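Chemist: model this:
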Amino acid sequence: MSEHDLLGMRICMILERLFLGETLSVTKLAYEFNVSKRTISRDFNDRLFNLPNIEIEKVKKGYYKLSKRYIGSLKSYRDILHFSRIIDIDKLFPRHAFDYKFIDVLLSNKNHSPCTIYTDSLDKQPNMYGPFLIIIQSIIDKSLITVKTNKGVFNHVAPYRLIHFKGHWYLVGELDQDIFVVQYDAIKEIQKVEAFFSFDLIISETIKEIKFIESLPHFNYTSQVLHKIKRYNI
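Modeler: Okay, here's the model as predicted:
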């Protein structure tokens, strides 16, 4: 991926978080995107501050946020509903409950949250936001990626889905016509490849199955054992 592409993606991600109402730290953004603080400061001063029709405020030295009148202005109830269905949040509620009226009731509340969705606590929240979004964009674009982990480099991986299970995120895809699984915490770097893939329908359906998702923490070990049994006819 070229420097121009990385710059464009970084600006888009920063804008997205500003529109969600976040106050952003130059230091934290530099760490997340693996660039210098000078680069992030230049993103704000030379690029974001000059964008038309939006207003970014400097909260204090090294911290920025979007002016209140712009926060959330790009999203509608339809967008919220679409988002809930993409990541399956709607399935946590009674059938047909997650509609415009339900969203309106929830968003009108200012003081006390009426709902709690409890999940297993993350061992630690993922630090690197950049690779996470690159994976998502690659899944949508059906673009191959290179995955670098502490155990090696995997080239031409076809990313199918990011799955959260029992406190961890997993990247699930296809490599050399086999299912590929890696824990997100183990990923050191993601690079988009200028080549594309088509989803294998069998793999695509398999990774949606509950039994497969439950096997994710032990998937690679089980695969190695099965490969050894097959190789040596055990």
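
Chemist: Phi, psi for F212 please.
Modeler: Backbone torsions for F212, taken as degrees, to the nearest 10, come to phi -70, psi -50.

Chemist: got a list of what it touches?
Modeler: Neighbouring residues of F212 by Cβ atoms under 8 Å, 6 or more residues apart in numbering: T206. The way it works is simple: take the backbone N, C-alpha and C, and place the C-beta from them, glycine included.

Chemist: mind running it again at 10 Å?
Modeler: If you count contacts by Cβ atoms under 10 Å, 6 or more residues apart in numbering, F212 has them with 163, 172, 179, 181, 203, 205-206, 219.

Chemist: and N220, what does it touch?
Modeler: So N220 contacts 151, 180-183 (Cβ under 10 Å, 6+ apart).

Chemist: now do 6 Å
Modeler: Contact analysis of N220 by Cβ atoms under 6 Å, 6 or more residues apart in numbering lists V181.

Chemist: Tell me the spacing between it and D176.
Modeler: Separation of N220 from D176 (Cβ to Cβ, to the nearest Å) stands at 14 Å.

Chemist: By neighbour count, sort out the buried ones in the contacts of F212.
Modeler: The neighbour-count test (16 or more other Cβ atoms under 10 Å) marks 163, 172, 179, 181, 203, 219 as buried among the contacts of F212.

Chemist: hang on, F98 in a helix?
Modeler: No - using DSSP: H, G, I helix; E, B strand; the rest coil, the secondary structure at F98 is coil, not a helix.
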